[in-house]
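Participant: Whatever this is, show me its structure:
(chains A, B and C)
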Amino acid sequence: MLLFILKRLFISIPVIFILATLTFCIMRVTPGGPFDKDKAIPPEIKANIEAKYHLDKPTFINTPAFYKKKWIHVLTETQYFYYMKGLAQGDLGPSYKYLGRSVTDIILDSLPVSVELGFYAALILAAYKHNTWIDNAAMFTAISGITLPSFLVAALLIYIFSIKMAWLPAGLWDGGWEYKILPTIALGLRPVAIIARLMRTSMLDVIKADYVRTARAKGLNEVWVILKHVVKNSLIPVITISGPLLAGIITGSFVIEHVFAIPGIAKHFILAVTNRDYTLIMGVTLVYAVLLIIANILVDVFYALVDPRIKLS
Amino acid sequence: MKKYSWIAVILLIVGLMLYAKPWSKKSLPSNEFRFVIVSEPPTLDWSLATDNVSADIIFNLMEGLVQYDANLNVQPALAEKWDISKDGLHYTFYLRKDVTWSDGKPLTAQDFVDGWQRLLDPKTASEYAYFLFDVKNAQDYNSKKISDFNQVGVHAKDDHTLVIDLWHPASYFLTLHAFWATFPLRKDIVEKFGAPQWTEPQNIVTCGPFKLKAWEHDYKVVLEANPLYYGPKPKVQLATAYIINEDSTALSLYETGKVDLIRRIPPLLIAKYKNHPDHKNGPFLRGYYYGMNVLKKPFSDVRVRKAFSMAIDRTQLTTLLGGNQIPTTSWIPKGMQGYEPEIGLKFDLDKAKLLLAQAGYPNGAGFPQIKMAYDTRDDNKVIAESLQQQWKQNLNIELTIENQEWKVYIKQLQTDAPPLWRLGWGADFPDPDNFLNLFTSYSGNNLTRWKNKSYDALIEAGAKELDISKRLPIYHKAQKLLTEEEAPIIPLFIDAQNVLIKPYIHGYALNAMSINILKNVEIHK
Amino acid sequence: MSETLKKSNSRSLWQDAWKRLFKNKASVISLIYIVGIILVAIFADVIAPFSYETQSPQDRLLFPNTTYLMGTDILGRDLFSRVIYGTRMSMSVGIIIAFCSLIVGTIYGSLSGYVGGRLDNILMRIVDILYTFPSLLLIILIRVIFGPGLFGIFFALTIVEWVSVSRIVRGQILQVKEMAYVEAARAVGVRHQTIIARHILPNILGPIIVTLTFEIPAAILSESFLSFIGLGLQPPFSSWGSLANDGFQAFKSYPYLIFFPGMAIFLTVLAFNLLGDGLRDALDPKLKNT
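Facilitator: Next up, the predicted model:
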């Protein structure tokens, strides 16, 4: 088991490396840069800015160095090399939009907020799961989580609970529990609905399986059958998607954070891209990747625990 | 099974209630003013800031040599008086002697020199360094041609006298000292903490009416009255800026009493709120226009350009927007000297059709299939759709609309502009030069590719002329050339500010530059 | 003899499935609704009383009335007609993207799951990378390359959506692969294609159909998300998502602007979900044995 986890972590290093490289490429070919604005900047000032942020070096290959026959510089005197070197030392660089603020600081400030919100949403998930297969009415409520775009869910919640009833604030994140309720529901509804549906689907599959019939025929207690055989075995498809789902809940939802004015990390997944804040795009992408890798390893471990037929290779 | 899970749910709710602070419907503290800013300030470092959100905060932390009054006239601030030499090349500012920084140190002329040196230092890489390029040797220092800052035309003659030498007279130069980039700076503080840490609340030292109390990134910025401020103390103890990107959320929070001021109302709703007692409206020095790429057919033909401009009923657009925007055919906005609404191509269908026919497209026949482009935003979309319909109805020309994400859009305009595109321009300082300079052949912001030597000459002459009565006729000619004779742009309307402010807030005045001044704000019910 | 047996056998499988499906009221209603919606999408020109782009400035922002069944928008366009035309956009976005991502995802996922070993490892790491990749960047880039039309949206969303399909399919295959009958078939030397086609695919058809019923509405919702962040369709075209987004900022003052398109999304997504559940139960090969 430990060996498996270590092996997976080891494999993940090239994955992260490739992801970073790919993101770097796509970022640079996408038109518009961090300092492109409607107010033109005089060329000499642009040169100063590019020098400050090492954007004056060639992106991947330093051709002038090639002609000067400084062979090593062809690859090392480039933006890509500098960024990767920093990354290898754990330095995510300065943000280009929030001038000079380090990307690490931005992530450390915003991730805990999203994790907190995600934790509440996951609690709903945990509380809800037991009821799904018993309670069909609850199932219907859950469905609204996958039948409406999240901005509509948010608008609906705000309309009912903030404006009509005036019970809960329409946004902000000021410490009190009343600020957490609406965003938690808005964020939690979708994963609840997805899991609930998958559970139902695979539960029906398993209930009809031979071993369950055998167990029943042996006269085992019904609750025991459901718990031991049905729930456990029907978890497999649920676990499959719960890795990404978990990472998704932790990093939150752009729409929810945007609409409720919550200072979480999910905002940056969109805003960093629209600002072309290269280092921040990279930073949040890598955070998400690491979370996802961990979640997926956990999923595979669970697979093996739940279903002994699947071997950890 | 079912029973147990319900117990779990109840435990969970109880736990949450214990963990979190209890719901308190506290009456709002009478000394805190809460307002909304639309994004995280990219920086509070005034040598680096380039955007309005940062300015919303900085203008309350700091002051310059001069400041604007509500009508945008220049008034003394940190300088109590100044002399300008007859040739307009030498400025001498005499500083107030009672100004101290928030850590108790007195303000000196050297602080200005330090601020300017930092602004112009190539290592600072300030985008707005060019605002000082009229100053002797400033540009050379910025582009590393000289390295001795003593050669740059700004000196502290003594602790309270600042002397500035320019290359050439610049009519707008005085107003630049109300602009944040030129504010003084505590060199020792910046060097001690380094950028950007020196702007964090525990480090920053300022000399304006407020101090920075807290900055919770991406959430809120809290300002606190500065007890050492030289002028009358602010009436509110705290001013909190909540960072809310979504306008409809800001509106809901306003309506539920969580904030006292919002400065943006979603375009769909302005009409609804126009008669609301909390609604305040004011002019805004910001023009909205469609530009044409004059290098490309069909807009290389001036007759087509004129026909397009004449075929628009601009009042339809302002009715759509509904926030007292002013339809305009000229370019200098209302509230600025040189505003002449009669200039420009008026709505004239017959003439438009005639011009179009003369250009070889009678009733739109044979007109090439072209795109009109805008950057994605609700109001831009509405305007584009209305214009598309008007040109179709009035000229029988069917254009396709294309919207692009902002950065892609701006890159496209700068590299290969589509035939017809929209942009806006907001004043950096309330001088006609700031608006007209935009379309000179040497301006980096002129995306029409229109180049006209006599226009360039007019603008240069206007900038060097210090007598306003002599400047205005020059600008009259320039505007006629730009919006009537050559028409590379279609001015549409002058923007307006629409805000909602609670009735118990007093002393918040709108000004046409949309500068957010909080020192006079009072709260009483 | 054996030929006819096979034929009747398979026919009865599908007949059984239909029979079972029709017993499920929710599914039948959903099916009727979906067929109806597809007809609306096809015959939008006939149904809509107005053009989707005709503006009448004097009739701006009217609440629903007898002329304008769902009211008018800020430019004085009939919202009912725009929702009707929006059906065409939303449905084509949903169906095309779902099918494309299903095909790509199933092939990829089956390959990965069935072959396993090193290939599985590599393919899944590629999926990991794609999954974490900042898709917004990709979408912006694709819009630049293909222009901001419909095709760009199809392409961009397919690239984003197929990844999750492939993961689900792979998970299912991993499970089925270890089943006794598959192992038996392999032991007897049945060819791989046959094993996949005869033993594995039919057994994972249920989950795949469920996935499809996830994917169509998911694509509709993704498109509305694109509208929300300003990367949706070009005006004057509209989808349900872009219409709902247009009304979003004014949901308090002009609720009808968001209600009708929102309702269209809600009902359609719900119908696909219910139909999916019904289909899944009906098509389940295991039910045949009981």
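Participant: Could I get the full set of strands for the stretch 51-200 of chain A?
Facilitator: Applying DSSP state E, counting those that start in this stretch to the stretch 51-200 of chain A gives no strands.
Participant: The residue in it that chain B sits nearest to and A:T30: what is the separation?
Facilitator: Taking CB to the nearest CB, chain B has its nearest neighbour within the stretch 51-200 of chain A at A:W177, 3.1 Å off. All C-beta spots, glycine's among them, are computed from the backbone N, C-alpha and C. The gap separating A:W177 from A:T30 is 41 Å, by CB to CB, to the nearest Å.
Participant: now B:E191
Facilitator: 37 Å.
Participant: pull the helix or strand with minimum mean pLDDT from chain C.
Facilitator: helix C:285-289 (a mean of 46; mean pLDDT, DSSP states H and E).
Participant: same check, this time on chain A
Facilitator: Result, chain A / mean pLDDT, DSSP H and E: helix A:136-147, a mean of 61.
Participant: Show me where the stretch 101-250 of chain A dips below the pLDDT cut-off.
Facilitator: Within the stretch 101-250 of chain A, the stretches with pLDDT under 70 are A:125-145, A:197-208, A:222-223, A:226-237, A:240-241.
Participant: Tell me where it has helices.
Facilitator: A:103-132, A:136-147, A:150-157, A:178-207, A:210-217, A:222-225, A:232-251 (DSSP state H, counting those that start in this stretch).
Participant: next one: chain C
Facilitator: C:2-23, C:25-42, C:44-47, C:79-115, C:117-132, C:135-146, C:150-177, C:180-188, C:192-194, C:201-228, C:240-248, C:255-283, C:285-289 (DSSP state H).
Participant: Could you identify which of the ones you listed is most buried?
Facilitator: helix C:240-248 (a mean of 27; mean count of other CB atoms under 10 Å in any protein chain shown).
Participant: if we can go back for a sec, TSV please, covering the helices of chain C and showing distance to B:Y91.
Facilitator: Below are those laid out as TSV (distance: least, CB to CB, whole Å):
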stretch	distance to B:Y91
helix C:2-23	86
helix C:25-42	69
helix C:44-47	68
helix C:79-115	59
helix C:117-132	56
helix C:135-146	47
helix C:150-177	55
helix C:180-188	88
helix C:192-194	86
helix C:201-228	51
helix C:240-248	51
helix C:255-283	55
helix C:285-289	89
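Participant: Quick one, which of these gets closest to chain B.
Facilitator: Of the helices of chain C, nearest to chain B by CB to the nearest CB is helix C:135-146, at 5.6 Å.
Participant: Any stretches of chain C with poor pLDDT?
Facilitator: C:1-14, C:284-290.
Participant: Name the residues of chain C found near chain B, please.
Facilitator: C:53, C:55, C:57, C:60-61, C:74-75, C:140, C:143-144, C:147-148, C:230-231, C:234-236, C:246-254, C:257 (CB under 8 Å from any CB of the partner chain).
Participant: Drop anything exposed from the residues you listed.
Facilitator: C:53, C:55, C:60-61, C:74-75, C:140, C:143-144, C:148, C:230-231, C:234-236, C:246-254, C:257 (16 or more other CB atoms under 10 Å in any protein chain shown).
Participant: Give the closest residue to the most centrally placed residue in chain A in space, chain neighbours not counted.
Facilitator: In chain A, the residue lying closest to the centroid (CA atoms, centre = their mean) is A:G248, at 3.7 Å. Nearest non-adjacent residue to A:G248, counting by CB to CB, 6 or more residues apart in numbering or on different chains: A:P191, 7.3 Å away.
Participant: now swap in B:V221 and tell me
Facilitator: B:A241 (4.5 Å).
Participant: residue ranges for the strands of the stretch 251-400 of chain B, please.
Facilitator: B:261-262, B:279-292, B:326-327, B:371-375, B:400-404.
Participant: Can you classify the residue nearest to B:V221 by secondary structure?
Facilitator: strand (DSSP: H, G, I helix; E, B strand; the rest coil).
Participant: out of the strands of the stretch 251-400 of chain B, deepest packed?
Facilitator: It is strand B:261-262: most buried of those by mean count of other CB under 10 Å, with a mean of 24.
Participant: which helices and strands sit right next to that one?
Facilitator: strand B:32-37, helix B:247-255, strand B:489-501 (3 or more CB pairs under 8 Å, 6 or more residues apart in numbering or on different chains; DSSP states H and E).
Participant: Can you check which of these gets nearest to A:I107?
Facilitator: strand B:32-37 (22.2 Å; CB to CB).
Participant: Let's see the pLDDT reported for the closest residue to chain B within the stretch 201-313 of chain A.
Facilitator: Using CB to the nearest CB, the point where the stretch 201-313 of chain A gets nearest to chain B is A:P263, with a distance of 3.8 Å. Per-residue confidence (pLDDT) for A:P263: 94.
Participant: check contacts around it.
Facilitator: A:P263 makes contact with A:109-110, A:113, A:173, A:257, B:216-219, B:243 under the criterion CB atoms under 8 Å, 6 or more residues apart in numbering or on different chains.
Participant: Out of these, who's the most crowded?
Facilitator: Using other CB atoms under 10 Å in any protein chain shown as the neighbour criterion, A:E257 leads those with 28 neighbours.
Participant: Okay, and that residue sits in which element?
Facilitator: Element membership of A:E257, judged by DSSP states H and E, is helix A:254-259.
Participant: mind checking how far that helix is from the chain centre?
Facilitator: 14 Å (CA atoms, centre = their mean, to the nearest Å).
Participant: is that helix anywhere near chain C?
Facilitator: Yes - counting by CB under 8 Å from any CB, chain C is contacted by helix A:254-259 at A:254-255.
Participant: List the contacts of that helix.
Facilitator: By CB under 8 Å, 6+ apart, helix A:254-259 touches A:114, A:117, A:149-151, A:154-155, A:158, A:171, A:183, A:186-187, A:262-264, A:266-267, A:269-270, B:245-246, B:248-249, C:225, C:228-229.
Participant: Just tell me which of the helices of chain C ends up closest to A:R213.
Facilitator: Per CB to CB, nearest to A:R213 of those: helix C:285-289, 11.1 Å.
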